[in-house]
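Chemist: build the 3D model from these lines:
(chains A and B)
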Amino acid sequence: MRDVVNTWGRFVAGRLLALVVVSVGLVIATFSMVRLVPGDPAVAAAGINVTPAELATVRHQLGVDRPYFRQLISYTDGLIHGNLGKSFITGEPVTSILSVRLTSSLILAGTALALVFVVAMPLGLAAGALTREGRHPRTNTVFTAVTSVLGALPQFLVATFLAFIFAVWLRVLPVAGSTPPFQSLILPAIAVALAPTAILARLVRSETLNVLAQDYIRTVRSKRLPAHIVYLRHVLPNVLTAALTLAGVIFANVIAGAVIVENVFARNGIGTELVSAVETHDYQVVQGTILVLGLIVVAVNTFIDLSLGVVDPKSGLRR
Amino acid sequence: MAPPILHNFRRAPGATIAVVSVGIVVAVMIIAPLLLTKNATELHVFRANQGPSSHDWLGTDSLGRDILYRLVVATRLSVGLAFIAAGLSAAIGFALGAGAILLPRQLRPVVLRFIDMMLAFPALLVAIFVGAIIGPGSKGATLGVGIAGSFYIARVASTLAISVSNREYVAAARVLGVRRVALLVRYILANTADALVIVVTATISSSIVFLSALSFLGLGVQSPQIDWGEMLTQGVQQFYITPVAALAPAVAIALTALSFGFAGEALARLLNPLLWTTTDGSGRHSKKDLAEILASSVASRGDGDEAVLQVENLSVHVPSNVGVVDIVSQVSFNVARGEIVGIVGESGSGKTTIANAITQLIPYPAFMSGTVRVCGSDLSKLTPKQTDRLLGTSVATVFQDPMSSLNPALRLNIQLTESAEVHRRVSRSDARQSAVRLLQEVNIPAAEHLMRRYPHELSGGMRQRVTIAMGLMNQPALLIADEPTTALDVTIQAQIMDVFQEINETHSTAIVMISHNLALIGQNCHRILITYAGRIVEELPNDRLSEAYHPYTRALLGAVPDMSQRLDAPLTQIPGASPDVHARPAGCAFHPRCSLAEDVCRTDVPPLVDREGVRKVACWVANRKLSTSRS
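Modeler: Here you go, the predicted structure:
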């Protein structure tokens, strides 16, 4: 028993250490961004038509007037106190810009993520049940073809097509700038979720087929239990592990999808903010946004790893 | 080489379309800007925002420029930049991934971890980040997409390189002193080239999408240069007036990306024909075949109420390329209450299929004919619900491998109690109590504690006891044990057999025990059925086993080593091999291996003839001798 506790403790410690290392890497990478700008970042940010005095102020704001390590330390110090600097354009603190927009983006990403799992799990499970042992070959062909096309469709195109169908063709809603949840949340969430749903449904189906071929399912079948017990109690938990392995990739995909789809539907989120900040060379905002998104991705991946360790102790602890 | 490749293409029209469209896209990319740039940039302000017409097939944009011409010209940057980005990804990715192999062993995991970490980040964000450093524009976007895509290639390259570098010929080359870089280029690159080509094609596809996305966001190609993403941005602004201005580039991006993606898959299959899975193996049978087969099975009698199991003329048919093959033919036998019947045969003799047919678990697409009665009820006359109830309560099965026959994700208590809860509506706590009692009965110590364990915490012998207890939960009249001890070691084997004997004595549960081990069956069963090539060839009580009539049974007996044998005497074996299901000999299936075979054995199937009331044998020679000696 103590052995189990030890290996589990070491596993958790390892994951948390990795989390810290990656976070430090992220901080350094985002911090170094301004220093990597070719030429003079202050000129890139402020333009050419500025006085030398103005340029010096910009230089100071960007922190490129001090040595690299000293500036890194004061940047990290700011981070610890929840200070991500100020927007170069508006003068607003980056944290207050992000706090409003991050909520909106996380709601979109969360809705999309829920949609992915709620749709893909039953769909993949049903497709697996239907096509087991080579049954219904035509359903199999259609399922594979449809999911591989949908899985390859970029989210901003799906968003464009959805906007066309609902706004231009059916005229049920304006493309942009609306508030009711259907327009502003459901449609973007569908656009973000469609491709990952197709990918996950495919994985769940192949994993379901895999599980159905196992000996323990034969045992279950010999008990003549009703289908819902066979699939929900016996097949689903085993499929879930595989789905969880893909959850990290899906989450990254959903975050990236939300960033870009927001721009199609003109949602005020972290994605629209990021894009306008890149266009205006507002380095502090870009830095802060990438750092926060990166930290969220890393934290979620760590969480997924840990839950995989709980759900499937054998696979998680081996590494 | 050429004909099989063409053949592969013919079998997948989708792949052909993908490869042809990629060819067209590349041709358009090179030629179109040379010819059409003038048409694409001509301004006709008075004809702005027109819908499709005979003059401008896809209409015009807000400056009156022809959208179709612009779309065609925009191919150059949309696809060309993606080629550059993918090339960049390949260069960086290969250097990073395969280069990790050149590093000293201690550093290798650091690089691999770094690649994994970068893969966890959304590629688009990485691209935007790089783009933000370089500044918005086609240069920053291409570099960003190139770097973002490199980690995927690095991951694949490192995985491939590690697997190749572990092969013997690379180890041999290393021993011979081939330098590391030479090793990388000559052995590793050469042996992973096909896989890398596929990965790069996929990267081109995703690069087209990412670059268009960046241009669409205003971070990529900038006006007056055009690519599809930039056209999409322009088009969306006129969405209500001329939707085609946005839809046309959107469709162009989607179709081109899909074509490259599928072309990559097609390429993968060309380079590695093993990926072609043939799906036409199982074959299909017509409704007419099926009806004929079912009609040919003899109608059942209806006597013998005390029998727990009655099997009459049971056949199991498998549709295949050569027609319907019978893996079990015309098998009939009964099992009385409290009786232990053994079924013995080599692998492929159909003994497990007989068990599956009784429990209605024949794997698709096989199907059965004949009659199976369980406790007097003909299974074919019951509704599915009644069948579930009857088989769920009256029959239980213990399978061969206890290591894999319990669900690894569920605690044992759930697996033990569920059949009682479902079929007899026993409360969970009552079901748990009887489960604990049964676990104690099959000699499991600390049964209550064990209920909360997962299967992987138990040894094989323990697990088999659990599956036996699990089978007893509904007090079945019949227990089918399919090779229940084959996967266990010999001492455990004896203990499990004792458990079966005890169950049989205390609950008078009938048992059908299936095994390839004649000695085991002879010791533990009341009656023995010998199967060969899907038929029962002999049936006899266990005390008459040493006087078996059938040459096959006698040969099996001769092959069982016993203690009276001289140690230096060679082990006897049956000449030849058990026939394949698809190529069973005509007549008596055993005749090619039988020293007594006569002409009639090669042409006619011997019937299973009753002998002395308690035994049966299906052998022309044996039955003739028995008949003549009797008269």
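Chemist: and for B:Ser165, nearest residue in space, chain neighbours not counted?
Modeler: Excluding the flanking residues, the one nearest B:Ser165 by Cβ to Cβ, 6 or more residues apart in numbering or on different chains is B:Ile101, at 5.7 Å. C-betas here are computed from N, CA, C, even on glycine.
Chemist: count of neighbours near that neighbour?
Modeler: Counted with other Cβ atoms under 10 Å in any protein chain shown, the burial measure for B:Ile101 works out to 21 neighbours.
Chemist: and what of B:Tyr364?
Modeler: Should you count by other Cβ under 10 Å, B:Tyr364 turns out to have 10 residues around it.
Chemist: circling back: what is the host helix or strand of the residue nearest to B:Ser165 packed up against?
Modeler: Here B:Ile101, judged by DSSP states H and E, is contained in helix B:67-102. Here helix B:67-102 is seen to pack against helix B:13-41, helix B:108-120, helix B:138-165, helix B:190-217, helix B:228-237, helix B:244-271 when contacts are counted using 3 or more Cβ pairs under 8 Å, 6 or more residues apart in numbering or on different chains; DSSP states H and E.
Chemist: now it: buried residues?
Modeler: Along helix B:67-102, these residues count as buried under the neighbour rule (16 or more other Cβ atoms under 10 Å in any protein chain shown): B:67-90, B:92-94, B:96-102.
Chemist: name the residue of the stretch 51-200 of chain B that lies nearest to chain A.
Modeler: Of all residues in the stretch 51-200 of chain B, B:Pro122 sits closest to chain A, at 3.4 Å by Cβ to the nearest Cβ.
Chemist: mind checking pLDDT for A:Phe143?
Modeler: Taken from the predicted model, the pLDDT recorded for A:Phe143 is 92.
Chemist: got a list of what it touches?
Modeler: Remark: with contacts taken as Cβ atoms under 8 Å, 6 or more residues apart in numbering or on different chains, A:Phe143 is in contact with A:127, A:131, A:205.
Chemist: the first one: what secondary structure?
Modeler: Put plainly, it is A:Ala127. For A:Ala127, the secondary-structure state derived from DSSP: H, G, I helix; E, B strand; the rest coil is helix.
Chemist: surely it meets A:Thr139?
Modeler: Yes: counting by Cβ atoms under 8 Å, A:Thr139 is a contact partner of A:Ala127 at 7.3 Å.
Chemist: enumerate the residues of the stretch 1-150 of chain B near chain A.
Modeler: Counting by Cβ under 8 Å from any Cβ of the partner chain, the residues of the stretch 1-150 of chain B lying close to chain A are B:14, B:113, B:117, B:120-125, B:128-129, B:131-136.
Chemist: mind checking which of those are in helices?
Modeler: When helices are assigned by DSSP state H, the members of these inside them are B:14, B:113, B:117, B:120, B:123-125, B:128-129, B:131-134.
Chemist: what subset of those is buried?
Modeler: B:117, B:120, B:123-125, B:128-129, B:131-134.
Chemist: okay, and for the stretch 1-150 of chain A, where does confidence drop off?
Modeler: Residues of the stretch 1-150 of chain A that meet the criterion pLDDT under 70 lie in A:1-5.
Chemist: same deal with the stretch 1-150 of chain B?
Modeler: Low-confidence regions of the stretch 1-150 of chain B, defined by pLDDT under 70, span residues B:1-14.
Chemist: what ranges do the helices span in the stretch 401-550 of chain B?
Modeler: Counting by DSSP state H, counting those that start in this stretch, residue ranges of the helices within the stretch 401-550 of chain B are B:412-424, B:428-441, B:447-450, B:460-471, B:490-507, B:518-524.
Chemist: looking at it, A:Leu123 is touching A:Arg202, isn't it?
Modeler: No: under the criterion of Cβ under 8 Å, A:Leu123 lies out of contact with A:Arg202, with a separation of 9.6 Å.
Chemist: so which bits of the stretch 51-200 of chain A are right by chain B?
Modeler: Residues of the stretch 51-200 of chain A lying close to chain B by Cβ under 8 Å from any Cβ are A:132-135, A:137, A:145, A:149, A:152-154, A:156-157, A:160-161, A:163-164, A:167-169, A:175.
Chemist: if we can go back for a sec, which one's more surrounded, A:Ala127 and A:Thr139?
Modeler: Neighbour count, other Cβ under 10 Å: between A:Ala127 and A:Thr139, A:Ala127 has more, with 24 against 13.
Chemist: show me what contacts the residue nearest to that one when sequence neighbours are not counted?
Modeler: In space, A:Ala127 comes closest to A:Arg205 once its chain neighbours are excluded; the distance is 4.4 Å by Cβ to Cβ, 6+ apart. For A:Arg205, the set of contacting residues under the criterion of Cβ under 8 Å, 6+ apart consists of A:124-125, A:127-128, A:131, A:143.
Chemist: what's the closest of the helices of the stretch 401-550 of chain B to chain A?
Modeler: Distances from chain A to each of the helices of the stretch 401-550 of chain B were compared using Cβ to the nearest Cβ; the shortest belongs to helix B:412-424, at 4.3 Å.
Chemist: what is the distance between stretch A:270-287 and the centre of its chain?
Modeler: Chain-centre distance of stretch A:270-287: 18 Å, with Cα atoms, centre = their mean, to the nearest Å.
Chemist: quick one: the strands in chain A?
Modeler: Secondary structure of chain A, counting by DSSP state E: no strands present.
Chemist: what about the nearest residue to B:His582 once chain neighbours are set aside, which SS state?
Modeler: Nearest residue to B:His582 in three dimensions, chain neighbours excluded: B:Val325, at 5.9 Å (Cβ to Cβ, 6+ apart). In the three-state summary, B:Val325 is assigned as strand, counting by three-state DSSP.
Chemist: for A:Gly85, grab the count of nearby residues.
Modeler: Burial of A:Gly85 is recorded as 19 neighbouring residues (other Cβ under 10 Å).
Chemist: I'd assumed B:Pro592 was in a helix, is it?
Modeler: Yes: residue assignment for B:Pro592, taken from three-state DSSP, places it within a helix.
Chemist: before we move on, back to that, can you add distance to A:Val119 and give the helices and strands packed on helix B:67-102 back as TSV?
Modeler: What follows is the helices and strands packed on helix B:67-102, written out as TSV (distance: least, Cβ to Cβ, whole Å):
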stretch	distance to A:Val119
helix B:13-41	25
helix B:108-120	24
helix B:138-165	26
helix B:190-217	22
helix B:228-237	27
helix B:244-271	21
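Chemist: and of the ones you listed, who's closest to B:Thr628?
Modeler: Within the helices and strands packed on helix B:67-102, the stretch nearest B:Thr628 is helix B:244-271; the backing value is 65.4 Å (Cβ to Cβ).
Chemist: for the residue in the stretch 151-300 of chain B positioned nearest to chain A, which non-adjacent residue is spatially closest?
Modeler: Of the residues in the stretch 151-300 of chain B, the one nearest chain A is B:Val209, at a distance of 4.4 Å by Cβ to the nearest Cβ. Taking Cβ to Cβ, 6+ apart, and ignoring the residues beside it in sequence, B:Val209 has A:Pro154 as its nearest neighbour in space, at 4.4 Å.
Chemist: quick one: residues contacting the residue nearest to B:His582.
Modeler: Under the criterion of Cβ under 8 Å, 6+ apart, the contact list for B:Val325 reads B:317-319, B:581-582.
Chemist: what subset of those residues is buried?
Modeler: For the contacts of B:Val325, a burial check counting by 16+ other Cβ under 10 Å picks out B:317-319, B:581.
Chemist: of those residues, just say which sits nearest to chain A.
Modeler: B:Pro319 (11.1 Å).
Chemist: so where does the closest one fall, helix or strand?
Modeler: Assessed by DSSP H and E, B:Pro319 sits inside strand B:307-320.
Chemist: that strand - what's its average pLDDT?
Modeler: In this model, strand B:307-320 has a mean pLDDT of 92.
Chemist: so which elements touch that strand?
Modeler: Helices and strands touching strand B:307-320, by 3+ Cβ pairs under 8 Å, 6+ apart, are helix B:287-296, strand B:323-336, helix B:351-358, strand B:367-374, strand B:510-515.
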